[in-house]
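Participant: here is the input, now give the coordinates:
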Amino acid sequence: MLLYGRMFLSMAISLFTSREILRILGVEDFGVYNVVGGVIAMFSFINASMSGATSRFLTYELGKDSGDGTLKKTFASALLVHCMIALAIVILAETVGLWLLLNKLVIPEGSRFAAMVVYQLSIVSAAIGITQVPYNATLIAHERLDLFAYIDMGNLLLKLVILYILLVLPFNKLIVYAVLVFVVSFGTAIFYRWTAYRLFPEVRAKLTYEPAIVKPMLSYSGWDLYGNMSVTARTTGIQLVLNMFFGPVLNAAAGVASQVQTAVMAFANNITTALKPQIIKSYAAQDYGRTFSLICNGSNLIFALLLFLSLPLIANIDFVLGLWLHEVPDWTTQLTVCTLIFNIFAGMSIVAVTGCHACGHIKRPSLINGSMYLMVVPLTYVCFRWFDGTPVLPYIFNFCTIAIGCLSNAYTCSIHIPSFSFMAYFRRVFAKCMFVAAVCCGIVYIVKLISPFDSWVLFFELSVLSCLATGTLGWCFLCSPSIRKSIVSFVKRKIVH
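Facilitator: This next block holds a predicted model:
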């Protein structure tokens, strides 16, 4: 509940500040900021692999509750490895990344110095973020989600301060914005570290290298490396290819779509943040029936939530974007719809792949999913280069691959987790979710075609209808009897007290 309190505040502030920053920076500078940051993100796959390993091993040790000091050694070893990763990424960014920035990206002449400042600050932010991972993983492993809520609420308010300073300072707006974002992210990281150091004894351990811990962690992250590299290559590669063929204006449209995607997906992230430790701990305790139940119920809940939030936006996308933004970049509507559809499948896939992480068998999902993700970029390039493809194509490829990947992850779980049945998952989760989505979308589409209203009246009509349809069908088909009973019981207790 604390995470969702933070989330409503986060979405309101993020959508407001995104609109104003786009207006203040202008479409071109906003596009430059997104594509330059994407160059650093290109190297983040190395850190993403170790991040997943760190979170899994810390949570697993808590689930085992061995009490032999392994938890401290795990944290210390993970922090040392992340420091080494940070150094490697700084070297890559200052060589390969810098060459790419100076020679391959389309950046307006007047924005080149500002782009360089943004790039260097992004490198430092990335290094800080990499070494921050073990601290955040510790907070999540201990399920201190309230701390995330409190700290991030303060971080959100600072975004409003950034907006005000951006308005009053007379300097280059792109440089000022990059500096202010860096200062806030740096301060937030320091506060997270201080909080973790004060609360959890394992964080106070000295840096150490424990081969017995580091080797399995590196082996685990090594298999995960390919999958994370593929995700990063797909995401950053699409941004770079869009820049090469359509210029920074298209990157601005992609940036707006990404803002909407992030705001909506954050609701699901709250569930997965709370769910992941439970799945891993239940597997570590060999409670396989509960592991399967958590994966199925979590997938259905995330799908229902994302459909509930996304369908009103998709049905009213032109009206919403026109109301939100002062200037809507070309192709923003289409890219936003595609990212919202991608979100729905991505939420389900995240829950399924958590089961793979819990049992430690990630070779198969990494190879299968990663190979599909990698194909998106060259396929996009070919479509743009020789077939005059539209900017929507890579986003269509994205949600096709993530849907297939979700089923592949569930099948991997069925191989390695006792009591996990792929066919039961398909019936209880995937088939029901597709049925609910098809019926809800069909209802909203038909009403939109025959409705005599427009503007605000149509917006409210479609929003209320889509929410009612999603809520009713989700309650009937996606909530198990035990979940419905728990929700009714929870509501009754709150009403009585």
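Participant: and the helix or strand harbouring Asn243, what does it pack onto?
Facilitator: Element membership for Asn243, per DSSP states H and E: helix 211-246. The elements that helix 211-246 packs onto, with contact taken as 3 or more Cβ pairs under 8 Å, 6 or more residues apart in numbering; DSSP states H and E, are helix 2-41, helix 45-64, helix 70-92, helix 248-284, helix 363-387, helix 393-416. Where C-beta positions appear, they are placed from N, C-alpha and C, glycine not excepted.
Participant: in it, what's buried?
Facilitator: 213-214, 217-218, 220-221, 223-243, 245-246 (16 or more other Cβ atoms under 10 Å).
Participant: so Asn136 touches Arg193, yeah?
Facilitator: No. Judged on Cβ atoms under 8 Å, Asn136 makes no contact with Arg193 at a distance of 9.4 Å.
Participant: which residues touch stretch 367-385?
Facilitator: The contact list for stretch 367-385, computed with Cβ atoms under 8 Å, 6 or more residues apart in numbering, reads 226-227, 229-231, 233-234, 237-238, 241, 245, 353, 389, 393-394, 397-398, 401, 404-405, 408-409.
Participant: how about stretch 176-193?
Facilitator: Taking Cβ under 8 Å, 6+ apart as the rule, stretch 176-193 contacts 21, 24-25, 33, 114, 117-118, 121-122, 124-125, 128-129, 132, 135-136, 139, 151, 155, 158-159, 162, 165-166, 169.
Participant: mean confidence (pLDDT) on that stretch, please.
Facilitator: For stretch 176-193, mean pLDDT rounds to 85.
Participant: list the buried residues in it.
Facilitator: 176-182, 184-185, 188-189, 192-193.
Participant: just the CA coordinates for it, please, in CSV.
Facilitator: Below are the C-alpha coordinates for stretch 176-193, written out as CSV (Å, rounded to 0.1, in the frame of the first residue of the first chain):
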residue,chain,number,x,y,z
VAL,A,176,21.2,22.5,-16.5
TYR,A,177,18.7,19.6,-16.7
ALA,A,178,21.5,17.0,-17.0
VAL,A,179,23.4,18.5,-14.0
LEU,A,180,20.3,18.7,-11.8
VAL,A,181,19.2,15.1,-12.6
PHE,A,182,22.7,13.9,-11.7
VAL,A,183,22.7,15.7,-8.4
VAL,A,184,19.3,14.2,-7.4
SER,A,185,20.3,10.7,-8.4
PHE,A,186,23.6,11.0,-6.5
GLY,A,187,22.0,12.3,-3.4
THR,A,188,19.3,9.5,-3.5
ALA,A,189,22.0,6.8,-3.9
ILE,A,190,23.9,8.1,-0.8
PHE,A,191,20.7,8.1,1.2
TYR,A,192,19.9,4.6,0.2
ARG,A,193,23.4,3.4,1.3
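Participant: quick check: buried residues in stretch 419-431?
Facilitator: Phe420, Tyr425, Arg428, Val429, Phe430.
Participant: got those residues as a markdown table, with distance to Ala88, pLDDT and secondary structure columns?
Facilitator: Formatted as a markdown table, the buried residues of stretch 419-431 follow (distance: Cβ to Cβ, whole Å; pLDDT from 0 to 100; DSSP: H, G, I helix; E, B strand; the rest coil):
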| residue | distance to Ala88 | pLDDT | secondary structure |
| --- | --- | --- | --- |
| Phe420 | 36 | 90 | coil |
| Tyr425 | 38 | 94 | helix |
| Arg428 | 43 | 92 | helix |
| Val429 | 39 | 93 | helix |
| Phe430 | 39 | 92 | helix |
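Participant: let's have the residues you listed in CSV, adding distance to Val90.
Facilitator: Below are the buried residues of stretch 419-431 laid out as CSV (distance: Cβ to Cβ, whole Å):
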residue, distance to Val90
Phe420, 41
Tyr425, 42
Arg428, 46
Val429, 42
Phe430, 42
